[in-house]
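J.: Turn this into a model:
(one chain, ligands or ions: 1)
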Amino acid sequence: MIWKYGNKRTLFLLMPLMIIGNSISVITGLMTSCFITAATNKNMVLFWQTAFLGTACLILVTLINLMMVRVKNKLIMEVNLRIKAIVLESIAKKSQIDSGDELSFMTNDLKLLETKGIENEINILGLIFEFVIAFVVALTLDWLVTLAFILAGVVPALLSAKLGGRIEAASTAWSKSNSAYTGQLKNLFEGLAIIQLYQSFAFFTAKGLRESRRLEKALRKMNILVGQVEQLLTGIAYIALMLLPFSFGIYRVIQGATTLAIFMGVMQVSNSVINPMLNIFTKINELKTTKPIQAKIKIALQRGQQTVAEPANDFVKLTLTDVGLKRAGKQLFTHFNLRVQAGDKVLIMAPSGFGKSSLLKALLGELTFNQGSYQFNQQPVIPATTQTLLPNFAYITQQPFLFVDSLTNNLTLGSDFNNQQITAALAASDLTELSKEKGLDYQVGSDSRQLSGGQIQRLEIARAILRQRPIVLADEPTSALDEESAAIIQQTLLTQAETLIQVSHKVPLSVQAQFTKVIHLDNSAVIVPS
Ligand SMILES: Nc1ncnc2c1ncn2[C@@H]1O[C@H](COP(=O)(O)OP(=O)(O)OP(=O)(O)O)[C@@H](O)[C@H]1O
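T.: Sure, this is the predicted structure:
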């Protein structure tokens, strides 16, 4: 992950820092060796050289480690941000999302990935460096004693891995007993009213205690196993350490095959061979637990790379033939016909709850007609083609939405529009006064800086107008506005939208007259105003 999602420059900067930073045990090992040589030979020059040079090296390594922490966290941040960008990009392109699931993935899963995945990868890298450096140095000092130390460290580690399974089984059995205990207690407490009614207090206590005893027994079993395994491993570790490297090393010193100083040096450095080796396996196991999260990111990456349809400008004709729409098992309407040509201004009217908003959603492809046919530019619209349909539409919904962001960003949504275009869209939506009073950078959307319902609706209209899409779908666009504003907005829609499909349940006759078609969804009657 750090290679795939991280910044390569940061990674390449981190690696040398880690190599130097992880050589601390080698420095202390060599210092131990030199000090003992100085002591056994009564060599003051070597003593001072070791003291000064060693301390200088330790200070330098400490400074490098301080820097390493900064670079490591920089890399973690870069990987996190790259992954978050991938996930956000993928969510943005999802046709259906469960915001609870996505939120949980963005917060809990990605946090887990950071600690068990990204950090572990960096730690494994550090452990590999530590292992390799220490191993090479220890082998150079005395390869036979080094091997003895490694064997002594590996034996208890292998045993621990073998016994780990038994401990895990005991801990699973305990957690099972624990949940059974909770269930029994819950049942017992739920029945407390019966106990009190029949004054069966002894039954209540005895039953509760019986369950508690069962749990305590499972806990005792697990604790004995863990404690005994711990003691056994410590014993074996001491025996192995004394038997193999110590006796073998000292034997070699007595034989004159090596010196005490070298033996002590190897002993010190060997810790940095054994510990990283064992830690690497633990960390790899932890890393494996993040596999499902990594798989989800891979899918997100593929989805994020999907190309989105380019805004189209080729709308000619849209036809609904004998369509019906069903929602939550209820047939909203049937046998509805509609023909819209470029330049049309169509008003669709029906009583509240009849399915007007649902009809617009079906035109967008969010819902599918269960009867009849929907053709766009004489091509049948099927679920697979709805994504390419979207760029033809602007959509003014009944529940306008504002992001916690500036007025400008709420209109442009990050697209490239110049100030002139933005100001024109605001003016067309009767928002000039607001933009002059607050400024285009005014932050809206948060609770304390909310705008009026009418202002929010007009911002949604400005957002739609700004894009100049071929068809504007408008769902009761003037319902939250006063008469004067409603008239301005209605005029704007009629004049600015190239093709307008508006649904409303009540529109004055004088306004109806300005549409090219007025259709009553409840009886499919088409009235062409004179
Ligand atoms: N998300 C939904 N899931 C299931 N049914 C829904 C959903 N939204 C709306 N409905 C149902 O679909 C029917 C039509 O709703 P719709 O909003 O399309 O009507 P409408 O004519 O636009 O009403 P209004 O004029 O009040 O906005 C209603 O019976 C409503 O309960």
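
J.: Counting neighbours, what do you get for residue 510?
T.: A count of nearby residues for residue 510, using other C-beta atoms under 10 Å, gives 8. The C-beta positions use only the backbone N, C-alpha and C, and glycine is treated the same way.

J.: Got the confidence number for residue 477?
T.: For residue 477, the pLDDT comes out at 90.

J.: so it touches residue 489, yeah?
T.: Yes - the pair residue 477 / residue 489 is scored as a contact, 6.2 Å apart, by C-beta atoms under 8 Å.

J.: More neighbours: which of those two?
T.: Comparing residue 477 with residue 489 by other C-beta under 10 Å, the one with more neighbours is residue 477, at 27 against 23.

J.: who in the stretch 201-350 of the chain is up against the ligand?
T.: 327-328, 332, 350 (C-beta under 6 Å from any ligand atom).

J.: which of these count as buried?
T.: Among those, those classed as buried by 16 or more other C-beta atoms under 10 Å are 332, 350.

J.: how about low-confidence regions in this structure?
T.: Within the chain, the ranges that satisfy pLDDT under 70 run 95, 97-98, 308-313, 446-449, 523-530.

J.: Assign residue 321 to helix, strand or coil.
T.: strand (DSSP: H, G, I helix; E, B strand; the rest coil).

J.: Contact partners for it?
T.: Counting by C-beta atoms under 8 Å, 6 or more residues apart in numbering, residue 321 touches 337, 372-373, 375.

J.: What does the closest residue to residue 352 other than its chain neighbours show for phi and psi?
T.: The shortest distance from residue 352 to any non-neighbouring residue, by C-beta to C-beta, 6 or more residues apart in numbering, is to residue 505 (5.3 Å). With angles defined as degrees, to the nearest 10, residue 505 sits at phi -100, psi -20.

J.: Residue 505: how many residues sit nearby?
T.: A count of neighbours around residue 505, defined by other C-beta under 10 Å, yields 15.

J.: and what of residue 220?
T.: The burial count for residue 220: 11, using other C-beta under 10 Å.

J.: tell me which element it falls in.
T.: If you go by DSSP states H and E, residue 220 is part of helix 201-241.

J.: show me the contacts for the residue of the stretch 401-530 of the chain found nearest the ligand.
T.: Nearest residue of the stretch 401-530 of the chain to the ligand: residue 505, at 4.9 Å (C-beta to the nearest ligand atom). Contacts for residue 505 (C-beta under 8 Å, 6+ apart) come out as 349-352, 354, 356, 476.

J.: Tell me the most packed of these, by neighbour count.
T.: Counting by other C-beta under 10 Å, top hit in the contacts of residue 505: residue 356 with 24 neighbours.

J.: Could you give the backbone dihedrals for the nearest residue to that one once chain neighbours are set aside?
T.: Residue nearest to residue 356 in three dimensions, not counting chain neighbours: residue 503, with 3.7 Å by C-beta to C-beta, 6+ apart. Backbone torsions of residue 503, given as degrees, to the nearest 10, read phi -110, psi 140.

J.: Residue 503: neighbour count?
T.: Neighbours of residue 503 under the rule other C-beta under 10 Å: 25.

J.: just to revisit the earlier point, any quick ChimeraX command for the buried ones out of the contacts of residue 321?
T.: Here is the ChimeraX command that selects only those of these that count as buried (16+ other C-beta under 10 Å):
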select :372
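
J.: got TSV for the contacts of residue 321, with distance to residue 298 too?
T.: Shown next, in TSV, are the contacts of residue 321 (distance: C-beta to C-beta, whole Å):
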residue	distance to residue 298
337	46
372	40
373	38
375	38
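
J.: and of the contacts of residue 321, the nearest to residue 42?
T.: residue 375 (101.4 Å; C-beta to C-beta).

J.: Can you get me a residue count around residue 425?
T.: Residue 425, neighbours per other C-beta under 10 Å, totals 24.

J.: Make sure it is indeed in a strand.
T.: No - counting by three-state DSSP, residue 425 is not part of a strand but helix.

J.: In contact with it, which residues are there?
T.: 411, 462-463, 465-466.

J.: mind checking how far the spatially most central residue of the chain is from the ligand?
T.: Compute the mean C-alpha point of the chain, and by C-alpha atoms, centre = their mean the closest residue is residue 106, 2.6 Å away. Counting by C-beta to the nearest ligand atom, to the nearest Å, the gap from residue 106 to the ligand is 24 Å.

J.: Does that residue touch residue 84 like I think?
T.: Yes - contact between residue 106 and residue 84 holds when scored by C-beta under 8 Å: they sit 7.1 Å apart.

J.: mind exporting the helix or strand containing residue 12 as CSV, just the C-alpha atoms?
T.: Residue 12 is part of helix 8-21, with elements assigned from DSSP H and E. The C-alpha trace of helix 8-21 is given here as CSV (Å, rounded to 0.1, in the frame of the first residue of the first chain):
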residue,chain,number,x,y,z
LYS,A,8,7.6,7.7,-3.8
ARG,A,9,9.8,10.7,-2.9
THR,A,10,8.7,10.5,0.8
LEU,A,11,9.2,6.7,0.8
PHE,A,12,12.7,7.0,-0.7
LEU,A,13,13.5,9.7,1.9
LEU,A,14,12.2,7.5,4.7
MET,A,15,14.2,4.4,3.8
PRO,A,16,17.8,5.7,4.5
LEU,A,17,16.5,7.3,7.7
MET,A,18,15.1,4.0,8.8
ILE,A,19,18.3,2.2,7.9
ILE,A,20,20.4,4.5,10.1
GLY,A,21,17.7,4.8,12.8
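
J.: Give the buried residues for it.
T.: 10-11, 13-14, 17-21.

J.: Kindly report the same for stretch 51-65.
T.: So, applying 16+ other C-beta under 10 Å, buried residues of stretch 51-65: 54, 57, 61, 64-65.

J.: Which ones among these lie within helices?
T.: 54, 57, 61, 64-65 (DSSP state H).

J.: Just the closest of those to residue 133, please.
T.: For these, the nearest to residue 133 is residue 61 (11.7 Å; C-beta to C-beta).

J.: which stretches of the protein form strands?
T.: Counting by DSSP state E, one finds strands in the chain at the ranges 317-327, 330-341, 345-349, 371-376, 379-380, 393-396, 405-406, 443-444, 471-475, 499-504, 517-520, 525-527.

J.: Which of the ones you listed sits closest to residue 112?
T.: Nearest to residue 112, of the strands of the chain and by C-beta to C-beta, is strand 405-406 at 29.7 Å.

J.: contact partners of that closest one?
T.: Where contact means C-beta under 8 Å, 6+ apart, the residues beyond strand 405-406 that reach it are 440-445.

J.: Please apply the same query to stretch 180-197.
T.: 200-201, 203-204, 207-208, 211-212, 214-215.

J.: what about the longest helix along the chain, distance to the chain center?
T.: In the chain, assigned by DSSP H, the helix with the most residues is helix 119-190. Centre-to-centre, helix 119-190 and its host chain are 29 Å apart (C-alpha atoms, centre = their mean, to the nearest Å).

J.: what does stretch 305-325 give?
T.: Relative to its parent chain, stretch 305-325 has a centroid offset of 33 Å by C-alpha atoms, centre = their mean.

J.: What residues sit buried inside it?
T.: Buried residues in stretch 305-325 (16+ other C-beta under 10 Å): 315, 318-320, 323, 325.
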